[in-house]
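Student: Please find the sequence and the predicted model below.
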Amino acid sequence: MNSVKKGKIAEKIAINFLKESGFEIIAKNFYCKGGEIDIIAIKNSVYHFIEVKSGSKFEPIYNITYKKLNRIIKCATLFLQKKKIDLPFCIDAIIIKNSEIDFIENLTL
């Protein structure tokens, strides 16, 4: 199975996890100039811009680099401006490794 298919499977797992955790999914694979956000969700009037990473032979969290995080922040800001949304937001990650799911809220640089 190639990495694109693995990524799509991981995103489906992440979406199911989020829905079960009370999140409303707003968008998937939001593209903007220079970047993409895997999942945009809302819970308790807070927007969550979520990066999904998966793997079994390494620690997937290490694929979220400073550069990647900056791109997500720029896309999140653009999304909020474009939709005229004035609510709090955070950048999160869902890490899937060997069928285990870790939800990391409010990533920072």
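Tutor: Nice, I can see it. Residues are numbered from 1 along each chain as shown.
Student: can you give me the helices for this protein?
Tutor: Here the chain has its helices, by DSSP state H, at 3-20, 66-82.
Student: Among the ones you listed, which comes closest to residue 52?
Tutor: helix 3-20 (4.6 Å; CB to CB). (Glycine included, C-beta is placed from N, CA and C.)
Student: Which residues outside that closest one are in contact with it?
Tutor: 25, 28-29, 38-39, 41, 50, 52-54, 94, 96, 101, 103 (CB atoms under 8 Å, 6 or more residues apart in numbering).
Student: Neighbour-wise, which one of these leads?
Tutor: Within these, residue 50 tops the neighbour count with 26 neighbours, counted by other CB atoms under 10 Å.
Student: Please list all residues in contact with it.
Tutor: 14, 18, 37-41, 91-94.
Student: Quick one: those residues as a markdown table, columns for pLDDT and distance to residue 84 too.
Tutor: Converted to a markdown table, the contacts of residue 50 look like this (pLDDT from 0 to 100; distance: CB to CB, whole Å):
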| residue | pLDDT | distance to residue 84 |
| --- | --- | --- |
| 14 | 97 | 27 |
| 18 | 98 | 24 |
| 37 | 96 | 18 |
| 38 | 97 | 23 |
| 39 | 98 | 21 |
| 40 | 98 | 15 |
| 41 | 98 | 19 |
| 91 | 97 | 20 |
| 92 | 97 | 23 |
| 93 | 97 | 27 |
| 94 | 97 | 27 |
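Student: What is the nearest of these to residue 78?
Tutor: residue 37 (9.7 Å).
Student: Can you name the residues that contact the closest one?
Tutor: So residue 37 contacts 27, 29-30, 49-51, 72, 75-76, 79 (CB under 8 Å, 6+ apart).
Student: again, only using 10 Å
Tutor: By CB atoms under 10 Å, 6 or more residues apart in numbering, the contact set of residue 37 is 27-31, 48-52, 71-73, 75-76, 78-79, 91.
Student: where does the worst-scoring helix or strand of the chain on mean pLDDT sit relative to the chain's centre, distance-wise?
Tutor: Least confident helix or strand, the chain: helix 3-20 with a mean of 92, by mean pLDDT, DSSP states H and E. Relative to its chain's centre, helix 3-20 lies at 10 Å (CA atoms, centre = their mean, to the nearest Å).
Student: Lovely, talk soon.
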